[in-house]
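Student: no sequence on this one, just coordinates:
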């Protein structure tokens, strides 16, 4: 009997975890032995375990962070593995009438509001009308994805929104939203 877990890419672009099992079956006739294989989707169980682990690591790391930039770096590092992110952008509206402050993790150079892609500027501006703790998949392909990333509005930090950019456009599931 052989068992293994592996990731496979679904036809819609998302990664899924599978458990593959192969067992030998002894045949009574002259045909010899046969093998039976099964493939089982274990994505939900893996995602749940990854979420729990990431939340514990995030809580610990964020507790010792000394700046927003450090927190974003921690978030990016933890979520890069859990949901395959390439960049995290935080936008904070701190002064009335002024451009918001921009913090980026996963980008080699600091950027200002004016340096952000107009598409992202528009999405961030839209989040100002969202209720706190809103999480929404953002993309350009239509209502069913694939999505470029996730936009989230934080609570208790003043008007602050996060952009979690996928490494590659993909379908965003409930597990991704729960982790965020």
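Tutor: Received the coordinates, thanks. Predicted model only: the values in this text are computed from it and were never measured.
Student: did I read that right, residue 24 in a strand?
Tutor: Yes - according to DSSP: H, G, I helix; E, B strand; the rest coil, the state of residue 24 is that of a strand.
Student: helices or strands up against the helix or strand hosting residue 162?
Tutor: Per DSSP states H and E: residue 162 is located in strand 160-170. Strand 160-170 sits against helix 68-83, strand 85-92, helix 118-127, strand 147-153, with contacts defined as 3 or more Cβ pairs under 8 Å, 6 or more residues apart in numbering; DSSP states H and E. For every residue, glycine as well, the C-beta is placed using N, CA and C.
Student: please enumerate residues in contact with that strand?
Tutor: Strand 160-170 has contacts (Cβ atoms under 8 Å, 6 or more residues apart in numbering) with 12-15, 75, 79-80, 83-93, 106, 120, 123-124, 127-128, 130, 138-139, 141, 145-154, 172, 180.
Student: so which of the helices and strands packed on strand 160-170 is the most packed in?
Tutor: The highest mean neighbour count among these, using mean count of other Cβ atoms under 10 Å, belongs to strand 147-153: a mean of 22.
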